[in-house]
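Asks: Let's see this in three dimensions:
(chains A and B)
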Amino acid sequence: MKRLFLLGLVMMATAITYAGGYRVSLQGQRGLAMGHTGVAVVNNAELAFFNPAGLVFLENKINAAVGVSAVFSDVVWQNDEFGQMARTDSPTGTPFYAYFSYKLSEKFTLGLAAYTPYGSSVAWEKDWAGSHLVNDIELAAIYVQALASYKITDNLSVGGGPIYVNGSVNFNRNLNRTLTDLEGNRSNVTIDASGVSAWGWSAGAMWEPVDSLRIGVNYRSEILVEAENGDADFQNIPNSPLTPFEDTQFDATLPLPAELSIGASYQLNDQWLFAFDYNRTFWDVYRSLDLDFAQPGIPDSNNPRNYKDASIYRFGLQYTANETFTLRAGYYFDESPVQSGYFAPETPRNDSNNFTGGLSVNVTDKIAIDASFLYSRFEEVNESYDPDPSEFPNYEGEAFGGTYKSSAFVPGLGVTIKI
Amino acid sequence: MKNYFKYMAVLALGIVSCEPELDNAIEDGGLYSNGSADFSNYVALGNSLTAGYADGALYITGQENSYPNILAEKFALAQDTDGFTQPLVNDNAGGLLLGGTVIAQNRFVLAVDAEGNPAPARYTGAAPTTDITNKLSGSFNNMGVPGAKSYHLVAPGYGNVNGVAAGAANPYFARFASADNATVLGDALAQNPTFFTLWIGNNDVLSFATSGGAGEFQLNNTDFTTYGPNDITDPNAFAFVYNSIVQQLAGAEGAGAEGVLINIPDVSNIPFFKVVPSNPIPLDEATAGALNAQFGAYNTQILPGLVQAGLLTEAEANSRKITFAAGSQNFMTIVDEDLTDITGILQQPPFSLDAQTAGLLGQLRQATSADLIPLTSASFVGTAVDGNPMLVNGVSVPLGDEHVLTAAEQELVANATAMYNQAIQGIADNYSLGLVDANSLLEQIDSDGGLLYQGTPISSRFVEGGAFSLDGVHLTPRGYAVIANEIVNEINTTYSADVPNVNVGDYGTVTLSQDVQ
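Replies: Alright, predicted model coming up:
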């Protein structure tokens, strides 16, 4: 017992990651504990997310995995020249997952999945120095997916299915750096859209070329969440024909980018499993967040993002200590899609080193408790939001920059059921 | 097993409480420094500019954006301070009451008029609620008193509420003076300042200028008690009182505080004198012709006759000619007190004019581009007297002295300002204090196209320029932020300090509102 505890500490110290942009890589406690690898790992129903092709390789007839994480993520910003600083007091995010698979035959498994791969919740102090870019934002997208997994040969399978997305966004920012009403209250706008639906798909393949070695590939399509007739609520607008802002509707499109994962896992012996995943997230699609207001007198809002495709490199290992305990650890390097000069405080992410760890406890033959944690380490970065006018001629704001540092710690708990 | 989870939970909570920390965090202190200055108790002395007065009134958000308040926020980053208090008024409407009677109007806001043009108008969305008979308790770090001249800072009774109605005391100081016979300087010294800023003397010339030169230049008169409200303070008397104020603040026998002096901008740089042109009169061919015919004998006979008689110089006679032309840019007619008064002569032979006509021509001339018209005269020029279209102010009825700051009057202002600034410079050197040259700063802001300050354009253009508020005299929050930043730079140089700069673009300019009736 004592030996296990010490090992646990060591693994915590080598913990793993979290992702750039508003991608939240927390789709399974077992996978996360191993650096959020899993495209080539056959472990439990988490495969519904990581690679549905692998579901058919699960031994039991019925598999289920559910879990939830608590995201404690904050950012501090300061500008040395002007002595300004601010900290986020972001609400705790609670991304969750629920996976279920049912083996119809040796060759065919059906599944259902619900998970939350995209989301963001950042709350700066109201009217902070960068409030013309964002005061607070809450972004959530729930993916619900029906799955099928088919074994072509004993060592090759494919799987996939359609994804239904239900998304919501709530975003508040001040209109500019100085506009106030007569009492000095800053003019701001809240945009709110919820129940926005969209469709997509994912598909994967898994191959076991030799015993103990698996190779997997999985692709999840881009999904454009198109909010129509969302509510735009303007507050503290001066009573003046010069500022014709009134509550109205807006249209906007928020892309949930496609993601390609390729990976391999190797079962060294009964105890040790190694896994490696490579993710490519196609962030290029997020060029600008444009709000088109219904009221013709209100100028449309262009918010250049200029994200670029980004890669994540994930490494994980699993140690099966005995029939009861399985320990995991991992690391991933997360490349930020945010480019220099486009560092918006709404998702202030630079590259990060991420450390993960966790364990499973088999309570009975059928039920296991899965625990994981993630610590994301960001370097301090001196960055600014200053879109290139030649690329974004419609953007009129002024540059905003300073020193940022982010941190994220994410404990998570889940249950695996095999029947 | 149970223990294991317990440890895990403890460990998890431990990490959760770890917020992101920067290597050199402002919060940790030590990033900035006060150098050889001591900001622990900063007191600001001055007039409306120090109080945060803007848009023709003192209101809360203006006070919050006063340059001393901005400075105090920066000082608090460089050193632990005792805080900074201001005698905040009651509202953002800005007017003042004396026992329920309105004695100062509400602020200006930028409204859109019937023709769709943005123009300043008095805010009427709320009645004034700041009654000066409600005395504030406690002391205040911001001792800026709107309307104060140099010698008012040392005048006992300047804050006596009973003297306000008669004009013997100041309504703003009456709100927070420690006693009826208190002085502004005395109340400042009672706070034992360790650091001060002093920006005083503007009103010693400004009220003369904004009144169109209605007062006198009290050259060599050192008795302040004989001064009228629109007079220019004698430069020697100014230097004496200014030195005595600084001596008590900074002198070894006084409070011994460090500080920064701010000099006096030339008032001809303010938009107050740039909005109304001296040639705004539109005339059609027929009217111009009729007017020229009316002044024909005056131009061609009377004036040359007076030159011939040796009563006027050729140059003065030329300056007194009145001519109009069809078009939109005719210069107004004005009464210039610096001209030879020919009223009496014109009533005698050979002119033998009636008293009324002689009086009209007595000190008449046409304005030139060198004459400045106060903003407050905008609503007066071009109006008809008693609705009579034959009596138009600025055309057939010459503008009185109070509507024109003539070139000669401007010179008095410029000379006095230069002498004040010379005195301030000498006193700053004497006491080894910092000195901010607000005069040259505002001159740059007034230059063509204004100034690009920290990348933010700022100019003295009325309404749009960003530096001046809607009264055309006082600054906007952005204008005050520029002053604060200049003071920071001066402090950093003079006292080897490292006080962070002011982010000027974070401060607004004019306030919009349509609540103007």
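
Asks: hey, what's residue 110 bridged with?
Replies: Here I'm looking at chain A. Beta bridges link residue A:110 to residue A:102, residue A:148, judged by DSSP bridges.

Asks: meant chain B actually
Replies: Note on residue B:110: beta-bridge partners by DSSP bridges are residue B:120, residue B:512.

Asks: Give me the neighbour count for it.
Replies: By the measure other Cβ atoms under 10 Å in any protein chain shown, the count of residues near residue B:110 is 22. Yep, even glycine has a C-beta here, placed from its N, CA and C like the rest.

Asks: show me what contacts it?
Replies: Listed by Cβ atoms under 8 Å, 6 or more residues apart in numbering or on different chains, the contact set of residue B:110 reads A:240, A:242, B:118-121, B:463, B:470, B:510-513.

Asks: buried residues in stretch B:256-264?
Replies: Buried residues in stretch B:256-264, counted by 16 or more other Cβ atoms under 10 Å in any protein chain shown: B:257-264.

Asks: Out of the residues you listed, name the ones that lie in strands.
Replies: Members of the buried residues of stretch B:256-264 lying in strands (criterion: DSSP state E): B:258-262.

Asks: Considering the residues you listed, which is situated nearest to chain A?
Replies: residue B:260 (18.3 Å; Cβ to the nearest Cβ).

Asks: in the sheet, who's paired with the closest one?
Replies: Counting by DSSP bridges, residue B:260 is bridged to residue B:197, residue B:434.

Asks: What residues does the stretch 251-400 of chain A have near chain B?
Replies: Residues of the stretch 251-400 of chain A lying close to chain B by Cβ under 8 Å from any Cβ of the partner chain are A:361, A:371, A:373, A:375, A:378, A:380, A:398.

Asks: List the buried residues for the helix or strand containing the first one?
Replies: It stands for residue A:361. Assessed by DSSP states H and E, residue A:361 sits inside strand A:352-362. Within strand A:352-362, the residues scored as buried using 16+ other Cβ under 10 Å are A:352-360, A:362.

Asks: now do stretch B:478-489
Replies: Using 16+ other Cβ under 10 Å as the burial criterion, the residues of stretch B:478-489 that qualify are B:478-488.

Asks: repeat for stretch B:119-127
Replies: Buried residues in stretch B:119-127, counted by 16+ other Cβ under 10 Å: B:120-123.

Asks: Need the buried ones from the contacts of residue B:110 selected in ChimeraX.
Replies: To isolate the buried ones among the contacts of residue B:110 in ChimeraX, judged by 16+ other Cβ under 10 Å, type:
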select /A:240 /B:118,120,121,463,470,510,511,512,513
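
Asks: ok, residues contacting stretch B:218-226?
Replies: Stretch B:218-226 is contacted by residues B:151, B:155, B:227, B:231-237, B:240-241 when judged by Cβ under 8 Å, 6+ apart.

Asks: Let me see the contact set for the closest residue to chain A within the stretch 301-450 of chain B.
Replies: Chain A sits closest to residue B:450 of the stretch 301-450 of chain B, with a gap of 17.0 Å, by Cβ to the nearest Cβ. Shown in contact with residue B:450 (Cβ under 8 Å, 6+ apart): B:444, B:457-461, B:465-467.

Asks: Write out the residues of the stretch 101-250 of chain A neighbouring chain B.
Replies: Within the stretch 101-250 of chain A, the residues that sit near chain B (Cβ under 8 Å from any Cβ) are A:129, A:177-180, A:182-184, A:238-243.

Asks: how about 10 Å then?
Replies: A:129, A:131-132, A:176-187, A:237-243 (Cβ under 10 Å from any Cβ of the partner chain).

Asks: In the stretch 401-517 of chain B, mark out all the helices, start to finish.
Replies: In the stretch 401-517 of chain B, the segments counted as helices under DSSP state H, counting those that start in this stretch are B:407-430, B:438-446, B:477-494.

Asks: nope, the stretch 1-150 of chain B is what I meant
Replies: Secondary structure of the stretch 1-150 of chain B (DSSP H, counting those that start in this stretch): helices at B:2-16, B:48-51, B:60-64, B:67-78.

Asks: starting at the chain centroid, how far to stretch B:44-54?
Replies: Relative to its chain's centre, stretch B:44-54 lies at 9 Å (Cα atoms, centre = their mean, to the nearest Å).

Asks: pLDDT of that stretch, averaged?
Replies: Averaged across stretch B:44-54, the pLDDT comes to 98.

Asks: ok, back up a step: now tabulate the contacts of residue B:450 in TSV and tack on pLDDT.
Replies: Below are these laid out as TSV (pLDDT from 0 to 100):
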residue	pLDDT
B:444	92
B:457	91
B:458	95
B:459	94
B:460	93
B:461	93
B:465	93
B:466	94
B:467	96
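
Asks: Pull out the buried members of those residues.
Replies: Buried by 16+ other Cβ under 10 Å: B:458-461, B:465-467, out of these.

Asks: Sort out for me which of those are in strands.
Replies: Short answer: the buried ones among the contacts of residue B:450 in strands (DSSP E) are residue B:458.

Asks: The buried ones among the contacts of residue B:450: which ones sit near chain A?
Replies: Okay, of the buried ones among the contacts of residue B:450 touching chain A (Cβ under 10 Å from any Cβ), that's residue B:466.

Asks: Can you report how many residues lie near residue 273?
Replies: Since you didn't name a chain, this refers to chain A. Counted with other Cβ under 10 Å, the neighbours of residue A:273 add up to 24.

Asks: sorry, should have said chain B
Replies: Neighbour count for residue B:273, taken as other Cβ under 10 Å: 21.

Asks: can you pull out the helices in chain A?
Replies: With DSSP state H as the criterion, chain A has helices at A:2-13, A:29-33, A:47-50.

Asks: Narrow the residues of the stretch 251-400 of chain A next to chain B to those in strands?
Replies: A:361, A:371, A:373, A:375, A:378.

Asks: Can you say which of those residues are buried?
Replies: A:371, A:373, A:375, A:378.

Asks: bridging residues for the third one?
Replies: For residue A:375, the beta-bridge partners are residue A:355, residue A:409 (DSSP bridges).

Asks: Also the first one?
Replies: When bridges are called by DSSP bridges, residue A:371 pairs up with residue A:359, residue A:413.

Asks: can I assume it is in contact with residue A:412?
Replies: Yes: shown here, residue A:371 and residue A:412 form a contact pair, counting by Cβ atoms under 10 Å, at 7.0 Å.

Asks: Overlap in contacts, the two.
Replies: Residues touching both residue A:371 and residue A:412 (Cβ atoms under 10 Å, 6 or more residues apart in numbering or on different chains) are A:29, A:33, A:67, A:358.

Asks: Show the backbone phi and psi for the residue in the stretch 1-150 of chain A positioned nearest to chain B.
Replies: Nearest to chain B in the stretch 1-150 of chain A, going by Cβ to the nearest Cβ, is residue A:83, at a distance of 3.1 Å. Main-chain dihedrals, residue A:83, degrees, to the nearest 10: phi 60, psi 30.

Asks: That one - how many residues pack around it?
Replies: The tally of other residues near residue A:83 (other Cβ under 10 Å) stands at 21.

Asks: and it, what is it in contact with?
Replies: Residues counted as contacts of residue A:83 (Cβ under 10 Å, 6+ apart) are B:26, B:31-32, B:73-74, B:76-78, B:488, B:499-503.

Asks: from those, which single one is nearest residue A:89?
Replies: residue B:26 (17.3 Å; Cβ to Cβ).

Asks: Just grab the bridge partners of the residue nearest to that closest one when sequence neighbours are not counted for me.
Replies: Distances taken as Cβ to Cβ, 6 or more residues apart in numbering or on different chains put residue A:85 closest to residue B:26, at 4.7 Å, once the chain neighbours are dropped. For residue A:85, the beta-bridge partners under DSSP bridges are residue A:78.
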